[in-house]
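Engineer: have a look; sequence and predicted model below, questions after that.
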There are 2 protein chains.
Amino acid sequence: MTGWVIVAGLGPGAEDLVTPEVSTVLALATDVVGYIPYVARIAPRTGLTLHPSDNRVELDRAHAALEMAAAGRRVVVVSSGDPGVFGMASALFEALETAPQHQGLEIRILPGITAMLAAAARAGAPLGHDFCAINLSDNLKPFAEVERRLRHAARGGFAMAFYNPRSKSRPLQFARVLEILREECEPGRLITFARAVSTPEEVLTTVALSDAMPEMADMRTVVLVGNEATRRVGRWVYTPRSVPA
Amino acid sequence: MTGWVIVAGLGPGAEDLVTPEVSTVLALATDVVGYIPYVARIAPRTGLTLHPSDNRVELDRAHAALEMAAAGRRVVVVSSGDPGVFGMASALFEALETAPQHQGLEIRILPGITAMLAAAARAGAPLGHDFCAINLSDNLKPFAEVERRLRHAARGGFAMAFYNPRSKSRPLQFARVLEILREECEPGRLITFARAVSTPEEVLTTVALSDAMPEMADMRTVVLVGNEATRRVGRWVYTPRSVPA
């Protein structure tokens, strides 16, 4: 058997947001590797071994996937959303860089519906013009870098999507993020908190920046910040396609 | 019959990148509305009327969709990629804003695999850290705004994805975009030209910024620019997850 590693995006949660491309490779896999709640989405079957692992062990998981593929296994590494957006794809290439013996393996990355785009669709079209995606976690970068990017995104007139806004281990930083946004943007700027999009626990809340509170976000929330033209129409939030001259 | 409008993303081109959610609503539609090449992807069937229209008539198309839904039709407005990323979703809400009589209609936006994420997956993980999406067309915004956003994206350390980099009616601006990038970024910055991703015409080319030429892009190309840490491993391009302190 010739082994391979495929890093596949499962989308934000709903089964009908998993692409047929991803469903096909899951049906061929001998091994599925990933963070516990994502592996829990894969139905067990004969011939398939599930390898759930904890958060923050992305590099170990990537090395394990490469080793199994080198031994002839057909390995799918699952990410929620899209694996190229703060998911497992970069971790796999980091592992590959330090394991040149595996660089001849068959490797593929399969895109998925990333959380910010599922959330934007539910809200209307808040990312309907130029936008930035920023990971607010400072596990892998200094918070000063988060702040620098926030200010450039705001001054450049971008809408923004924030991943990993807040967690039990980082309860305070998101308050600082809101302070920075208030320094850079007008008080009426619309901000949408989208929690657990496409799952039964989905909740969307849109408020003016002046009314945003840190407690509105947790680890299952993606936060969308409009640009200065973003507005409401009925129950929707959208960003116009035009910037006047 | 109760009408509705659903704006649905068809993904970048391959059929197995269309989500089951979108396939389901296409099977229920009485009318499909959209730009000619996107409507051409929908298989004709009894009971379905196809309404292809030309580029640059997005608002007319949105109003027509709302009118048909108000008359009881089940209308799917198709976009390539994701409709919320430089697609038809914003145009629909612009139309809705000026047609308050339609604000009670059932409207849904369904996400799709957007070109930059399909392209990133094929290249490796060039958007594996914070990134911006910028529409380079100045049809709906002044080019000065494009330039402002490019400079902030570069100075903020973002990777970048460019939509609509170059067309027959805008043959020269992309050369100016490359000049701006060369002012802001080092010559070795990796830039990937991804044409017609997931179709039989797919071509990906990665070069250093110093070797990038305007002719490498056309209207079917999405351009991915790494951040300063983006590098090659084997045939792949990826952006590490970390920023050193």
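Structural biologist: Noted; the coordinates are in hand. Numbers count the residues shown, from 1 in each chain, chains lettered A, B, ... in the order given.
Engineer: could you give the average pLDDT over the helix or strand encompassing residue A:118?
Structural biologist: Secondary structure from DSSP states H and E places residue A:118 in helix A:115-123. Helix A:115-123 comes out with an average pLDDT of 98.
Engineer: what's the answer for stretch A:61-80, then?
Structural biologist: Rounded to a whole number, the mean pLDDT of stretch A:61-80 is 98.
Engineer: for it, measure first residue to last.
Structural biologist: For stretch A:61-80, the first and last residues are 15 Å from each other (C-alpha to C-alpha, to the nearest Å).
Engineer: run the chain-centre distance for that stretch.
Structural biologist: 21 Å (C-alpha atoms, centre = their mean, to the nearest Å).
Engineer: same check on stretch A:60-71?
Structural biologist: Relative to the centre of its chain, stretch A:60-71 is centred 23 Å away, using C-alpha atoms, centre = their mean.
Engineer: near chain B at all, that stretch?
Structural biologist: No. Stretch A:60-71 stays clear of chain B (C-beta under 8 Å from any C-beta of the partner chain), getting no nearer than 10.9 Å. Heads up, the C-betas are built off the backbone N, CA and C, glycines and all.
Engineer: buried ones in that stretch?
Structural biologist: Taking 16 or more other C-beta atoms under 10 Å in any protein chain shown as the neighbour-count basis, stretch A:60-71 is seen to contain the buried residues A:61, A:62, A:63, A:64, A:65, A:66, A:67, A:68, A:69, A:70.
Engineer: ok, now which ones touch the third one?
Structural biologist: It refers to residue A:63. A:95, A:99 (C-beta atoms under 8 Å, 6 or more residues apart in numbering or on different chains).
Engineer: try 10 Å
Structural biologist: Remark: with contacts taken as C-beta atoms under 10 Å, 6 or more residues apart in numbering or on different chains, residue A:63 is in contact with A:57, A:91, A:92, A:94, A:95, A:96, A:98, A:99, A:102.
Engineer: so the fifth one is in which element?
Structural biologist: Element membership for residue A:95 (DSSP H and E) is helix A:88-97.
Engineer: for the closest residue in space to residue A:182 that isn't next to it in sequence, give its distance to chain B.
Structural biologist: Setting aside the residues directly before and after it, residue A:182 is nearest to residue A:209 in space (C-beta to C-beta, 6 or more residues apart in numbering or on different chains), at 6.2 Å. Separation of residue A:209 from chain B (C-beta to the nearest C-beta, to the nearest Å): 19 Å.
Engineer: most surrounded residue in the contacts of residue A:63?
Structural biologist: Across the contacts of residue A:63, the neighbour count under other C-beta atoms under 10 Å in any protein chain shown reaches its highest value at residue A:92, namely 31 neighbours.
Engineer: quick one, what contacts that residue?
Structural biologist: Contact analysis of residue A:92 by C-beta under 10 Å, 6+ apart lists A:5-7, A:58-59, A:61-63, A:65-66, A:77, A:79, A:83, A:107, A:109, B:124-125, B:128, B:233, B:236, B:238.
Engineer: which of these are buried?
Structural biologist: Among these, those classed as buried by neighbour count (16+ other C-beta under 10 Å) are A:5-7, A:58, A:61-63, A:65-66, A:77, A:79, A:83, A:107, A:109, B:124-125, B:128, B:233, B:236, B:238.
Engineer: low-confidence ranges in chain A?
Structural biologist: Counting by pLDDT under 70, chain A shows no low-confidence range.
Engineer: give me the domain ranges for it.
Structural biologist: Recorded structural domains for chain A (assignment: automatic domain parsing) are A:4-113, A:116-238.
Engineer: next, the distance between the ends of the last one.
Structural biologist: From the first residue to the last, domain A:116-238 extends over 14 Å; the measure is C-alpha to C-alpha.
Engineer: how many residues are close by the nearest residue to residue A:148 once chain neighbours are set aside?
Structural biologist: Of all residues not flanking residue A:148 in the chain, residue B:156 sits nearest, at 6.2 Å (C-beta to C-beta, 6+ apart). Burial of residue B:156, expressed as a neighbour count using other C-beta under 10 Å, amounts to 23.
Engineer: over to residue A:16?
Structural biologist: Around residue A:16 there are 13 other residues, counting by other C-beta under 10 Å.
Engineer: make sure it is indeed in a helix.
Structural biologist: Yes. When DSSP: H, G, I helix; E, B strand; the rest coil is applied, residue A:16 is found to be in a helix.
Engineer: ok, residue A:37 to chain B distance?
Structural biologist: When distance is defined by C-beta to the nearest C-beta, residue A:37 is 19 Å away from chain B.
Engineer: where does that residue land in three-state SS?
Structural biologist: State at residue A:37, reduced to three classes by three-state DSSP: helix.
Engineer: spit out the contact partners of it.
Structural biologist: Contacts of residue A:37 by C-beta under 10 Å, 6+ apart are A:13, A:52, A:55, A:80, A:220.
Engineer: name the helix or strand for the second one, please.
Structural biologist: In this case it means residue A:52. Take DSSP H and E as the rule and residue A:52 turns out to sit in strand A:49-53.
Engineer: quick one: contacts of that strand?
Structural biologist: Residues from elsewhere that reach strand A:49-53 (C-beta under 10 Å, 6+ apart): A:29-40, A:42-44, A:60-61, A:64-65, A:68, A:73, A:75, A:77-78.
Engineer: among the residues you listed, which ones are in helices?
Structural biologist: Among the contacts of strand A:49-53, the members falling in helices (DSSP state H) are A:36, A:37, A:38, A:39, A:60, A:61, A:64, A:65, A:68.
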